[in-house]
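Colleague: what follows is a protein structure lacking sequence information:
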């Protein structure tokens, strides 16, 4: 799942935050959002006890809003999964346990195309690898311990990372992470169930255009990154061309995995993001890169 | 247990393990800017590949279904107009459904 464009009334706030996602991996430590209100950023008080309710209200409100808005799209996943041939419970199990939209859509997509389950699983897990990077970034901010870490790990996804790293201090970051995770998890899972049940009651999925839901979702998910840079666009075009071009000769599902080599080429040949773009020069101390 | 259930549970375990690894392993592991860039670009390449193959192929053969392609075209227009995620999906599916209902495809 990646944060889609938000509802109109909040567009500015969320655009800033989800836009920060692209630089999330290059900046270490809590990031002060450029458009943050002085009330949120100005306290400068690191100890949680010193935070007023007002300081936490903003990350909670933003996180809950984003969670609701994105979570509703679980309907699309539930419908796509059932159309692909998964049972309602299999769709729900993916949302409950994997809880990362792109991987879930990918597995359903390969199964729908008649691909091998091994290829589908490999592609889905490969797509989930970016969450490892988010976890690396979040670990320094959230510092979860013990059983709490096991629970927090489930919530390490695009949206929670965007909200968490946009907060001015660790307490606000934790509040934002918790609010986003809880709200998105509940909404996403309920929406998955609703979409799966709804699609299961329809006749032919194609009649309702459900075969377009998967590919349209993939396109919408990468759209913000395509706007982010030329390398992203080249990698997307190259990956798409390679996958389509090898479809007739490789086992179903494998061409998609092969597209990862284009990402590797882009990472090796493209511009190096280090030591960080000019906009990130104000990143807080403790930067590891 | 069916093969699909195995795929579902292995995917779930793998995705969770990758998340947990991020919270657990030392920060230095992925300090290389190239490694981080690769991880940034992997979803771009894979999702683009998925979108392209699912739009234009079926199994091992090309399958240019007019309604599906029109649906994808409508999705692009919606994205260019900065429509929210769900609106993009609804517009895409609705376009394909409408064309099929009208007998164009």
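Modeller: Sure, I can see it. The structure displayed is predicted, hence computed values, not measured ones.

Colleague: any weak-confidence spans in the chain?
Modeller: Using chain A here. For chain A, the stretches with pLDDT under 70 are A:1-56, A:203, A:272-289.

Colleague: not quite, go with chain B.
Modeller: Checking chain B against pLDDT under 70 turns up B:1, B:29-31, B:105.

Colleague: could you rerun that using 50?
Modeller: Low-confidence regions of chain B, defined here as pLDDT under 50, do not occur.

Colleague: biggest helix in it, by residue count?
Modeller: When chain B is parsed with DSSP state H, its longest helix is helix B:33-56.

Colleague: which residues touch the helix or strand that that helix is followed by?
Modeller: Downstream of helix B:33-56, the next assigned helix or strand under DSSP states H and E is strand B:57-58. Residues from elsewhere that reach strand B:57-58 (C-beta atoms under 8 Å, 6 or more residues apart in numbering or on different chains): A:113, A:244, A:247, B:63. C-beta: built from backbone N, CA, C; applies to glycine.

Colleague: quick check: closest non-adjacent residue to the third one.
Modeller: Yep, that's residue A:247 we're talking about. Among residues not flanking residue A:247 along the chain, residue B:57 sits closest, at 4.6 Å (C-beta to C-beta, 6 or more residues apart in numbering or on different chains).

Colleague: tell me the spacing between that neighbour and residue B:42.
Modeller: Using C-beta to C-beta, to the nearest Å, residue B:57 is found at 21 Å from residue B:42.

Colleague: give me the more crowded residue out of those two.
Modeller: Using other C-beta atoms under 10 Å in any protein chain shown, the more surrounded residue of residue B:57 and residue B:42 is residue B:42, with 25 against 19.

Colleague: tell me the contacts of the more buried one?
Modeller: Contacts for residue B:42 (C-beta under 8 Å, 6+ apart) come out as A:126, A:127, A:129, A:130, A:260, A:263.

Colleague: one more: residue A:155?
Modeller: Going by C-beta under 8 Å, 6+ apart, residue A:155 touches A:99, A:177, A:180, A:181, A:184, A:185.

Colleague: how does it look with 10 Å?
Modeller: A:99, A:131, A:134-135, A:138, A:142, A:144, A:161, A:164, A:177-178, A:180-182, A:184-185, B:19 (C-beta atoms under 10 Å, 6 or more residues apart in numbering or on different chains).

Colleague: phi, psi of it?
Modeller: Per-residue torsions, residue A:155: phi -90, psi 10 (degrees, to the nearest 10).

Colleague: got the phi/psi numbers for residue B:61?
Modeller: phi -120, psi 160.

Colleague: am I right that it is in contact with residue A:249?
Modeller: No: assessed by C-beta atoms under 10 Å, residue B:61 is found out of contact with residue A:249, at 11.4 Å.

Colleague: wasn't residue A:245 part of a strand?
Modeller: No: read with DSSP: H, G, I helix; E, B strand; the rest coil, residue A:245 is helix and lies in no strand.

Colleague: what's the separation between it and residue A:258?
Modeller: Applying C-beta to C-beta to residue A:245 and residue A:258 gives a distance of 10 Å.

Colleague: have a look at those two and say which one is more surrounded.
Modeller: Shown here are residue A:245 and residue A:258; by other C-beta under 10 Å, residue A:258 has more neighbours (19 against 13).

Colleague: return the residues in contact with the one residue in chain B that gets nearest to chain A.
Modeller: Closest contact between chain B and chain A, by C-beta to the nearest C-beta, is at residue B:22 (1.8 Å). Contacts for residue B:22 (C-beta under 10 Å, 6+ apart) come out as A:129-139, A:153, A:156, A:161, B:29-30.

Colleague: just the element for the closest residue to it other than its chain neighbours, please.
Modeller: Using C-beta to C-beta, 6+ apart and skipping residues adjacent in sequence, the residue nearest residue B:22 is residue A:135, 1.8 Å away. Assigned by DSSP H and E, residue A:135 belongs to helix A:130-142.
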